[in-house]
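1. need a 3D model of the following:
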Amino acid sequence: MPTTLVTGAAGFAGGHLLDLLSADTPDLVAWSRPGGARPHTVAGTTWEAIDLLDRDAVRRGVARLRPAVVYHCAGAAHVGRSWDRTESTLATNVRATHYLLDALSRAQVESRVLIPSSALVYASADRALTEEDPLIPSSPYALSKLAQEQLGCRPYGGVHVLIARAFNHFGPRQDPMFVASGFARRIADIERGRWAPEIAVGNLEARRDLADVRDTVRAYRLIARHGKAGRPYNVCSGRAIAIRDLLDMLIARARVPMTVKPDPARYRPNDVPLLLGDPQRLHDELGWTPRIPLEKTIDDLLEYWRGTDNGER
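-> Prediction:
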């Protein structure tokens, strides 16, 4: 059986992707960072600890596995932190991607490699963005994602690179450093009596295209299997919601009353007012549409944190 490899498999999108692939992918291998987060348990998955910044380790792993499909989900994912961790963001997202593609080429592996890029590679606009819009990254993170795409444009023998430009996605198991998950965890902890009934917030006026992570990884699978190499696909819902409205929906589900307090430290430099995508290409060419309503994602995220006793005080 041909091997399918998922890098960054212990992460948010990687873990949900494993859930999806495990149903119909017999030889599934998951790479996680040595000493990193505990892997999400998925039946039938072989876990391996590989440092993607160790070029020799990547070459050995690729030569041994010879994967026919690779989902390269590993990488630095936080936009705000990329300003303080520019060097590590570029190394993790760009150098590691080069090592992976180079290893596949050197091993002469015929492979389809999905690179989850980001909507932040686009120039800011006041309308829905299409794949033809200008690419002007405005943060170190966004620059690293565009560099990943550019690496995929280089010839790597039999390696075919697929590009998924993901817009914001959220859901259960997301790190609370991201806004929706952070709100949900704080609400759950307030309900437990661990915090005063107050939520500190940054910019609530920004509007974001939000999709459920489970819909997003379903798009990844479609693109990896049927997409055209080198052709980017927006992965998005096609609708935008203000962060204020998202917070209101979460608070409306809270079991105790609480208030909101602005916190200037939470404002992000170069935060764009609107990030909205046009999913028409993905729909027309591959038949993808989001299936999970926003309300269900919010319910599932809040219930995840209610069931997770993280002990933070």
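2. from here on, contacts and neighbour counts on C-alpha atoms
-> Fine.
3. can you give me the strands in this structure?
-> 4-7, 28-32, 45-49, 69-72, 111-118, 159-166, 168-170, 198-201, 207-212, 232-235, 240-242, 259-262, 274-275 (DSSP state E).
4. how about those in CSV, adding mean pLDDT and mean neighbour count?
-> Output for these, formatted as CSV (pLDDT from 0 to 100; neighbours: other CA atoms under 10 Å):
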stretch, mean pLDDT, mean neighbour count
strand 4-7, 98, 24
strand 28-32, 96, 23
strand 45-49, 95, 16
strand 69-72, 98, 23
strand 111-118, 98, 25
strand 159-166, 97, 24
strand 168-170, 98, 23
strand 198-201, 96, 16
strand 207-212, 98, 23
strand 232-235, 98, 28
strand 240-242, 98, 18
strand 259-262, 95, 12
strand 274-275, 97, 22
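5. any idea which of the ones you listed gets closest to residue 286?
-> Residue 286 lies closest to strand 232-235 among the strands of the chain, at 9.8 Å (CA to CA).
6. for the closest one, C-alpha coordinates in PDB please.
-> Presented in PDB, the C-alpha positions along strand 232-235 are these (Å, rounded to 0.1, in the frame of the first residue of the first chain):
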ATOM      1  CA  PRO A 232      -3.800  27.700  -5.400                       C
ATOM      2  CA  TYR A 233      -7.200  27.000  -3.800                       C
ATOM      3  CA  ASN A 234      -8.900  29.300  -1.300                       C
ATOM      4  CA  VAL A 235     -10.200  27.300   1.600                       C
END
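7. would you map the helices across this structure?
-> All helices of the chain, identified by DSSP state H, fall at 12-21, 55-65, 86-90, 96-106, 140-152, 179-191, 213-226, 243-252, 280-286, 294-306.
8. helices and strands around the first one, which ones?
-> Read it as helix 12-21. strand 4-7, helix 213-226 (3 or more CA pairs under 8 Å, 6 or more residues apart in numbering; DSSP states H and E).
9. can I get the strands of the chain in CSV with distance to residue 220?
-> Converted to CSV, those look like this (distance: least, CA to CA, whole Å):
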stretch, distance to residue 220
strand 4-7, 12
strand 28-32, 16
strand 45-49, 18
strand 69-72, 8
strand 111-118, 7
strand 159-166, 7
strand 168-170, 13
strand 198-201, 32
strand 207-212, 13
strand 232-235, 8
strand 240-242, 21
strand 259-262, 36
strand 274-275, 20
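10. on that earlier part again, now, of the helices and strands packed on helix 12-21, which is deepest in the fold?
-> strand 4-7 (a mean of 24; mean count of other CA atoms under 10 Å).
11. tell me how far it lies from the chain's centre.
-> In terms of CA atoms, centre = their mean, to the nearest Å, the centre of strand 4-7 is set 15 Å apart from its chain centre.
12. partner strands of it, parallel or antiparallel?
-> Paired neighbours of strand 4-7 in the sheet (DSSP bridges): strand 28-32 (parallel), strand 69-72 (parallel).
13. can I get these in JSON lines including distance to residue 268?
-> Formatted as JSON lines, the strands paired with strand 4-7 follow (distance: least, CA to CA, whole Å):
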{"stretch": "strand 28-32", "distance to residue 268": "29"}
{"stretch": "strand 69-72", "distance to residue 268": "27"}
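14. tell me which of these approaches residue 276 most closely.
-> Across the strands paired with strand 4-7, residue 276 has its closest neighbour in strand 69-72 (24.0 Å, CA to CA).
15. and residue 26, how many neighbours does it have?
-> Residue 26 has 14 neighbours, counted by other CA atoms under 10 Å.
16. need the contact list for it.
-> Residue 26 is in contact with 1, 44, counting by CA atoms under 8 Å, 6 or more residues apart in numbering.
17. need phi/psi at it.
-> Backbone torsions for residue 26, taken as degrees, to the nearest 10, come to phi -70, psi -40.
18. per-residue confidence at it?
-> Looking at residue 26, its pLDDT stands at 89.
19. and it, how far is that from residue 46?
-> From residue 26 across to residue 46, the span is 11 Å (CA to CA, to the nearest Å).
20. domain boundaries for the protein, per the record?
-> When the chain is parsed with automatic domain parsing, its domains come out as 4-169+211-235, 171-209+240-275+292-306.
21. pick the most buried one from those.
-> Mean neighbour count (mean count of other CA under 10 Å) peaks for domain 4-169+211-235 among the domains of the chain, with a mean of 20.
22. fine, thanks again, bye for now.
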